[in-house]
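1. need a structure here:
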Amino acid sequence: MGREKRGYATGSDGIYAPAISRRTAYAKLVLSDYWSEQLGLDIYAMTTEMGPRAVLREDTIPFLEALKASGKQRILLTNAHPHNLAVKLEHTGLDAHLDLLLSTHTFGYPKEDQRLWHAVAEATGLKAERTLFIDDSEAILDAAAQFGIRYCLGVTNPDSGIAEKQYQRHPSLNDYRRLIPSLM
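-> This is a model prediction of the structure:
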């Protein structure tokens, strides 16, 4: 519908597209074969079937659009498997509101690993001292802070179906729209 489709770790230059295509095919095989065999379930099909349940928080798009209006780059960095990410994007349209989508599977390290942060910084030009990083895992926020990300923020209600989370070492919030006035 006129919406620009974005690949997993691509921006306007598509620098990661070939690697993602190969890795996604391999990951699909691994995900389907290994976990399906271990659990006796078709994990790939189950993930696809669950796609329609993916919904965005009502504060997500206003926040992302405010970031865009203020000239900030909007990057999604996720530990989600590329297939899971693709399914969620298909049902939410979130990719239309982002400048870059990065699956940690592309780099071979999860967000908890310092090697990932170095690889992301090298690949994207990320400036840790000027970056806001939001996550729902305190361990991941710790890893980002250890790398030098200046602004690490926890989200207390990542899933409306569970109780709000508390963070011990990082500030947190429950509505991204509370950040918008500071962008203007």
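2. so where is the chain shaky, pLDDT-wise?
-> 1-36 (pLDDT under 70).
3. what segments of it are strands?
-> 75-78, 100-103, 132-135, 151-155, 172-173 (DSSP state E).
4. and the longest one, what does it pack onto?
-> Looking back up the chat, that one is strand 151-155. Counting contacts by 3 or more CB pairs under 8 Å, 6 or more residues apart in numbering; DSSP states H and E, strand 151-155 is packed against strand 132-135, helix 138-147, strand 172-173. To be clear about C-beta, it is placed using only N, CA and C from the backbone, and glycine gets the same treatment.
5. give me the neighbour count for residue 68.
-> 15 (other CB atoms under 10 Å).
6. so what's it up against?
-> Contacts for residue 68 (CB atoms under 8 Å, 6 or more residues apart in numbering) come out as 74, 97.
7. which stretches of the chain form helices?
-> With DSSP state H as the criterion, the chain has helices at 17-30, 36-39, 43-50, 60-69, 82-92, 104-107, 114-124, 138-147, 180-183.
8. now, of those helices, which is deepest in the fold?
-> helix 104-107 (a mean of 22; mean count of other CB atoms under 10 Å).
9. which other helices and strands does it contact?
-> helix 17-30, helix 114-124.
10. buried set for stretch 67-80?
-> Going by neighbour count (16 or more other CB atoms under 10 Å), the buried part of stretch 67-80 is 67, 75, 76, 77, 78, 79, 80.
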